[in-house]
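Participant: Sequence below, structure please.
(one chain, ligands or ions: 2)
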Amino acid sequence: MQNDKIQDHASFNIQAVAQEIAELTDILNGHNYCYYVDDAPSIPDAEYDRLLKQLKVLETAHPEYCFPDSPTQRVGGVALAKFDQVVHLKPMLSLDNVFSDEEFEAFYNRINDKTDTAPTFCCEPKLDGLAVSILYRDGIYERAGTRGDGKTGEDITENVRTILSIPMKLRGENFPPLLEVRGEVIMPKQAFDSLNERARAKGEKEFVNPRNAAAGSLRQLDSKITASRALGFYAYALGVVEPETWELADHHYDQLMQLKSWGFPVSAEVKQCDSVKDVIAYYTDIMTRRSSLAYEIDGVVIKVDNIDQQAMLGFVAKAPRWATAFKFPAQEEMTLLEGVDFQVGRTGAVTPVARLKPIFVGGVTVSNATLHNADEIARLGVKIKDTVIVRRAGDVIPQIVAIVADKRPDDASEIEFPTTCPVCDSLVERLEGEAVARCTGGLFCEAQRKEAIKHFASRKALDIDGMGDKVVEQLIDKELVESPADLFKLSASAMTMLDRMGLKSATNLVKAIEVAKQTTFSRFLYALGIREVGEATAANLASYFKSLDKLKAANAEEFIKVDDVGIIVAQHLTHFFAQEHNLAVVDSLIQAGVNWPAIEEVAEESLSLKGQTWVLTGTLTQLNRNDAKAQLQALGAKVAGSVSKNTSCLVAGEAAGSKLTKAQDLGIKILDEEGLLAVLAGE
Ligand SMILES: NC(=O)c1ccc[n+]([C@@H]2O[C@H](COP(=O)([O-])OP(=O)(O)OC[C@H]3O[C@@H](n4cnc5c(N)ncnc54)[C@H](O)[C@@H]3O)[C@@H](O)[C@H]2O)c1
Ligand SMILES: [Zn+2]
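Facilitator: Ligands and ions are numbered 1, 2, ... in the order given. Okay, here's the model as predicted:
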């Protein structure tokens, strides 16, 4: 009875194992299809590798349940029927993997046990592209094929012809009458980025990574498409050579150098290493330089250098015994998106940030990743509770690169953008044609406070002497200032609380603040930090409206009448003045004593420089450039940035350069600073 039970239990277990093997085989073959046929992986490689390892372990314990179509037994990939087929003269295999120093040492020991003399190695970057076989007869390019299932690949002769670094005719001497070269077709990172940029602009599907982009570009029926894709190639092995007696170098490294002499690109990172220690140093060195390489690599390949030893070691199911891929830690992993938080940046940009189930990727634990903006969310098609692929490469901040579509639960929910600022509750607006949503709180929004006050005090705004970024940051951190009006209430003794601020400098700063109260209307408008209202627009607004009350009462229609103000800026202005709390900030500034000389109502016609275009160049010593500009504008002139035949007058300060020469060439009137001062004084 007791025995029966154990028997039952055991057979139940065996059944469960058989079923698990069947399931894993199915799942992995499904992923293989997406990866090798569609060039669009459905899960990160790390996840694929884990599932494959799981299957290997089960198959090793129960070889009787291993399916003939198991991904452990076959080289991944198939040759698509839409291409002509090439039958490889010698199978194209895969590589076994190691993931740690210990695993590499185990690989070394396995080999060392079998060889008479200690093996030495040829180490190469593991290029992340796709393998191709290229045939040359009498030194002339004849045919190229993909790896396919290892035995049969796709005929991509015409496509490979478009890759400029692949020779159509061999150089040098001593190449065999029949030569098969094997290597990797890759897409350099830069080409990949611009390809995806173009795809994004056209609303087309982007490639997930350079490997898939290279594969997708090469496996095209129309070779013109391939030609447009900037692919690269590196040779990494000899294939078939005929006659077989042809004399070749007896070490793999030297064979690579032979390939190089015949005109093939060979990676400059290829290196011979004699010991485990050297190999590990090579691996570590390349890993630290990984992000600065022009192409993507996912590890290094370590090959026994001596060709005789290679032959003696031979092959296992689908890979040579004499080589292994020493892989880098994964840069892509998958995890759950648990929620989305919205952060308000210093310029009011509202950024969605994904809250992730913590995941170890690219050497760190990642628990959130930016989703950038609504467009990015739409592009990814991501929802809350989706399983997402997170990528962290080098020092680059973690990114969500894709979702795993078939892992979406029924209760996944849309990501909703907030309509009001999570920090200050002001309206969030997203203007048409803009990707970014922004808090309209401006001066009022705590998240924007430091930037807003730095801007308020800056040279072109209220120009508070001595109120640098560091001072502003401390004033806010120490809660001495909340809104710009608070600046005018600061006492010298309070300011001595700041770092490196003695009583003397504090007193000077208080004086500077007092002086800054006297400003101009246009500086005041600029200081408010209304979006896209730069100093020129502020000056135009000031001379158009002349008084704050009139400006506050204006609507978009009226704003548009002002020079340089378009629909967008008009919207920013109306939004700004529609918010009660912004009006409160403006009022409190006026109450604090900020003032400016009234702009007289001058009949437009009587402006002395009406209709003229002036250009300022060189260094002015008595006036600052912005004030000069504002004063010229107040007299009705337009102030332009470059000299043309329409320029009325050029003001050339000290060390004026090309603009001065141009004005001289065009015979345009030129004034020095004294001359300008005279004009401004009405002389
Ligand atoms: N995400 C997925 O769904 C999915 C599915 C299938 C496979 N994969 C990934 O693909 C990989 C397995 O694919 P594989 O069997 O083609 O093996 P592989 O890509 O890991 O290794 C073999 C290949 O390495 C390439 N290679 C690059 N540099 C080389 C060099 N210097 N010398 C020799 N070969 C070099 C060759 O193209 C060769 O075919 C794994 O990383 C796996 O995670 C992922
Ligand atoms: Zn806000």
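
Participant: Can you tell me the element the residue nearest to Arg449 when sequence neighbours are not counted falls in?
Facilitator: Nearest residue to Arg449 in three dimensions, chain neighbours excluded: Ile476, at 5.8 Å (Cβ to Cβ, 6 or more residues apart in numbering). For glycine as for every other residue, the C-beta is placed from the backbone atoms N, C-alpha and C. Assigning secondary structure by DSSP states H and E places Ile476 in helix 469-477.

Participant: Report the buried residues of that helix.
Facilitator: Val471, Val472, Gln474, Leu475, Ile476 (16 or more other Cβ atoms under 10 Å).

Participant: which one of those sits closest to Gly641?
Facilitator: Nearest to Gly641 among the buried residues of helix 469-477: Val472, at 29.5 Å, using Cβ to Cβ.

Participant: For that closest one, give its distance to Leu490.
Facilitator: 12 Å (Cβ to Cβ, to the nearest Å).

Participant: show me what contacts the residue nearest to Arg449?
Facilitator: Arg449, Lys450, Ile453, Glu482 (Cβ atoms under 8 Å, 6 or more residues apart in numbering).

Participant: Let me know the pLDDT of it.
Facilitator: Ile476 carries a pLDDT score of 90 in this model.

Participant: And for Glu604?
Facilitator: On pLDDT, Glu604 comes in at 62.

Participant: count of residues packed around the residue of the stretch 501-650 of the chain found nearest ligand 2?
Facilitator: Using Cβ to the ion, His581 is the residue of the stretch 501-650 of the chain that sits closest to ligand 2, at 9.9 Å. His581 has 17 neighbouring residues, counting by other Cβ atoms under 10 Å.

Participant: Also Gln73?
Facilitator: So Gln73, with other Cβ under 10 Å, has 13 neighbours.

Participant: Same question for Phe107.
Facilitator: Using other Cβ under 10 Å: Phe107 sits among 20 other residues.

Participant: ditto for Pro44
Facilitator: Counted with other Cβ under 10 Å, the burial measure for Pro44 works out to 24 neighbours.

Participant: Which residue, neighbours along the chain excluded, lies closest to it?
Facilitator: Nearest one to Pro44, counting by Cβ to Cβ, 6+ apart, is Glu332 at 4.0 Å.

Participant: so Leu238 sits in a helix?
Facilitator: No - under the criterion used here (DSSP: H, G, I helix; E, B strand; the rest coil), Leu238 is strand, not part of a helix.

Participant: So what pairs up with it in the strands?
Facilitator: Val181 (DSSP bridges).

Participant: Let me see the contact set for the one residue in the stretch 151-300 of the chain that gets nearest to ligand 2.
Facilitator: In the stretch 151-300 of the chain, the residue found nearest to ligand 2 is Arg200; the distance is 29.4 Å by Cβ to the ion. For Arg200, the contacting residues are Glu206, Arg379, by Cβ under 8 Å, 6+ apart.

Participant: what about 10 Å?
Facilitator: Glu206, Asp375, Arg379 (Cβ atoms under 10 Å, 6 or more residues apart in numbering).

Participant: Now, the residues you listed that are in helices?
Facilitator: Asp375, Arg379 (DSSP state H).

Participant: Which of the contacts of Arg200 lies at the shortest distance from Thr226?
Facilitator: Glu206 (18.0 Å).

Participant: What distance do you get for the closest one to Val401?
Facilitator: For Glu206 relative to Val401 (Cβ to Cβ), the value is 9 Å.

Participant: now Ser291
Facilitator: Ser291 is 16 Å from Val401, by Cβ to Cβ.

Participant: do Leu371 as well
Facilitator: From Leu371 to Val401 the distance is 12 Å (Cβ to Cβ).

Participant: neighbour-wise, which of those two wins?
Facilitator: Leu371 (22 against 16).

Participant: Run through the residues that contact the more buried one.
Facilitator: Contacts of Leu371 were listed using Cβ under 10 Å, 6+ apart, and they are 337, 340-342, 351-354, 377, 380, 382, 388, 399-400, 415.

Participant: between these, which has the most around it?
Facilitator: Neighbour max across the contacts of Leu371 (other Cβ under 10 Å) = Ala354, 28 neighbours.

Participant: What helix or strand is it located in?
Facilitator: Assigned by DSSP H and E, Ala354 falls in strand 349-361.

Participant: That strand - contacts with which helices or strands?
Facilitator: Using 3 or more Cβ pairs under 10 Å, 6 or more residues apart in numbering; DSSP states H and E, the elements in contact with strand 349-361 are strand 332-344, strand 364-370, helix 374-380, strand 387-391, strand 399-403, strand 437-439.

Participant: Direction included, what does that strand pair against?
Facilitator: For strand 349-361, the paired strands and their directions (DSSP bridges) are strand 332-344 (antiparallel), strand 364-370 (antiparallel), strand 437-439 (antiparallel).

Participant: what's the closest of those to ligand 2?
Facilitator: strand 437-439 (3.3 Å).

Participant: Check which element follows that closest one along the chain.
Facilitator: helix 449-457.

Participant: what about that following helix and ligand 2, any contact?
Facilitator: No - counting by Cβ under 5 Å from the ion, ligand 2 has no neighbours in helix 449-457; the shortest distance is 9.5 Å.

Participant: residue ranges of the strands in the stretch 501-650 of the chain, please?
Facilitator: Along the stretch 501-650 of the chain, the stretches classed as strands by DSSP state E, counting those that start in this stretch are 613-617, 638-640, 649-652.

Participant: Lowest mean pLDDT across these, which one is that?
Facilitator: Among these, strand 638-640 scores lowest, at a mean of 87.

Participant: separation between Glu429 and Val132?
Facilitator: 52 Å.

Participant: Next: Gln633.
Facilitator: Gln633 is 65 Å from Val132, by Cβ to Cβ.

Participant: what residues are up against Asn32?
Facilitator: Pro41, Tyr48, Leu52, Pro71, Arg74, Gly76, Gly77, Val78.

Participant: ok so it is a strand residue?
Facilitator: No - with three-state DSSP as the criterion, Asn32 is helix rather than part of a strand.

Participant: Now the residue of the stretch 501-650 of the chain closest to ligand 2. Nearest residue, chain neighbours left out?
Facilitator: That would be Phe444: by Cβ to Cβ, 6+ apart, it lies 4.3 Å from His581.

Participant: Over to Leu256?
Facilitator: Per Cβ to Cβ, 6+ apart, closest to Leu256 is Val266, 5.0 Å.

Participant: Roughly how far does the one you found sit from Glu242?
Facilitator: Applying Cβ to Cβ to Val266 and Glu242 gives a distance of 22 Å.
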